[in-house]
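K.L.:
got a predicted model here, sequence first, then my questions.
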Amino acid sequence: MVTLADRLRQRIAEQAPIPVSEYVDAALYDESEGFYQAGGQAGRRGDFLTAVEVGPLFGAVVARAIDTWWRDLGCPEQFPVYEWGAGPGTLARSVVAAGPEALRSGALLWHAIERSAAQRAQHPEHPSVVSAATGPSEPAAAGVVLANELLDNLGFDLYERSGEDWCELRISEGPDQGQFVTVAVPVAESSVVVEELNALMGARASEGMQVVWQRAARDWLAEALGSLHAGRVVVFDYGGTTAELAARGSWLRSHSGHGAGDSNRWLNDPGTCDITVDVAIDQLELVRRADSNRTQADFLRMHGIDDLVAEGKRQWQESAHVGDLSALRARSRLSEAEALCDPSGMGSFRILEWLV
């Protein structure tokens, strides 16, 4: 049987060392053995948690935000929301369950966009939820593009400082059979990447420092901005500036079964673990500067999480003696809010918004 690792070795034999982005894209999204096609996913029974899987509270707040954005545009009769990287459709379920006004009016149509066929097969069956592998072919008159922890999962390249120059780290086959390693490839000083690296890093670049280069994330943002005539693009993710991430050095992680993998698992066992990197916000802003950049905690409070928690407390106090499922759900809002707004965890994630 020809495995994903075998096919990657064949690519390397034909192309010489391949870009890290090509390797990562195959490891995550290969149609037969990629991590997400083979069953990897977010969730308590999955491999990692995002804000969506903490509970329905996150989706309820997003539903409120959608109504605000819909009203800001004059309550158009058609208001599509394009959720890129929808996974198994958890956010769509939560938003529909919350019942925003835009949904009740018939304006909201949720497009759950997901590359993995295995993930798309789990999307909710609801008349207002459309499942797709790719985004819209024509720009929408008005709408919203959402990406919750998508950009950290897109292919990225690696560059390393060597003396006064930069070299690209590529993937090659190691001396031991079946092993993959990174090898340094010189980069022309006149290349656009080097010019941009120098502009973002400046004097902060030091010998041996590695930088994650997120061209795919920038391409996604440019496409997202072009998919609307009016509305906004909203990105939920963790990250910092290129220089901050390079200095920290812990921007690459692998996960499987809610456990952090060893530092080389992503290289040794392609397709068996999630591969994620912090998002370099200043690289995204080479496309266009964000109109808003705030923490997740601030975003959730701005769109009414405190009101929803207070409502949950009231419902719990009124129904606790009954002990039914609705009372327990109301009580769970407290713990969900604590996790979502934790300043040392999810609450510190960045929410970037671009107005169109």
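P.N.:
Perfect, thanks for sending it.

K.L.:
let me see the ranges of the helices in the stretch 101-250 of the chain.
P.N.:
Under the criterion DSSP state H, counting those that start in this stretch, helices of the stretch 101-250 of the chain are mapped to 101-104, 117-120, 192-201, 215-226, 242-248.

K.L.:
where does the stretch 251-356 of the chain dip in pLDDT?
P.N.:
Within the stretch 251-356 of the chain, the segments meeting pLDDT under 70 span 255-263, 316-331.

K.L.:
beyond the worst-scoring helix or strand of the chain on mean pLDDT, next helix or strand please.
P.N.:
Lowest on mean pLDDT, DSSP states H and E among the helices and strands of the chain sits strand 259-260, with a mean of 50. Of the helices and strands lying after strand 259-260 in sequence (DSSP states H and E), the nearest is helix 265-268.

K.L.:
chain center to that following helix, what's the gap?
P.N.:
Shown here is helix 265-268, whose average C-alpha point lies 21 Å from the average C-alpha point of the whole chain (CA atoms, centre = their mean, to the nearest Å).

K.L.:
do the same with stretch 192-208
P.N.:
Taking the mean of its C-alpha atoms, stretch 192-208 sits 25 Å from the chain's own mean (CA atoms, centre = their mean).

K.L.:
for it, list every residue counted as buried.
P.N.:
Neighbour-count burial for stretch 192-208 flags 193-194, 197, 200-201, 205 (criterion: 16 or more other CB atoms under 10 Å). Glycine gets a C-beta too; all of them are placed from N, C-alpha and C.

K.L.:
format these as JSON lines; extra columns: pLDDT and distance to Arg170.
P.N.:
Shown next, in JSON lines, are the buried residues of stretch 192-208 (pLDDT from 0 to 100; distance: CB to CB, whole Å):
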{"residue": "Val193", "pLDDT": "93", "distance to Arg170": "13"}
{"residue": "Val194", "pLDDT": "92", "distance to Arg170": "16"}
{"residue": "Leu197", "pLDDT": "94", "distance to Arg170": "16"}
{"residue": "Leu200", "pLDDT": "95", "distance to Arg170": "21"}
{"residue": "Met201", "pLDDT": "93", "distance to Arg170": "20"}
{"residue": "Ala205", "pLDDT": "90", "distance to Arg170": "20"}
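
K.L.:
now tabulate these in CSV and tack on distance to Leu225.
P.N.:
As requested, the buried residues of stretch 192-208 are arranged in CSV below (distance: CB to CB, whole Å):
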residue, distance to Leu225
Val193, 22
Val194, 26
Leu197, 23
Leu200, 21
Met201, 26
Ala205, 29
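
K.L.:
nearest to Arg232, of those?
P.N.:
The shortest distance between Arg232 and any of these, using CB to CB, involves Leu200 and amounts to 25.2 Å.

K.L.:
from what I see, that closest one and Gln283 are in contact.
P.N.:
Yes - judged on CB atoms under 8 Å, Leu200 makes contact with Gln283 at a distance of 7.1 Å.

K.L.:
name the residues contacting each of these two.
P.N.:
Listed contacts common to Leu200 and Gln283 are Thr242; contacts here mean CB atoms under 8 Å, 6 or more residues apart in numbering.

K.L.:
ok, the nearest residue to Val279 once chain neighbours are set aside - contacts?
P.N.:
When the adjacent residues along the chain are set aside, Val279 lies closest to Gly239, with 3.4 Å between them (CB to CB, 6 or more residues apart in numbering). With CB under 8 Å, 6+ apart as the criterion, the residues that contact Gly239 are 152, 245, 278-281, 350.

K.L.:
now, those residues that are in strands?
P.N.:
Secondary structure assignment by DSSP state E places 279-280, 350 of the contacts of Gly239 in strands.
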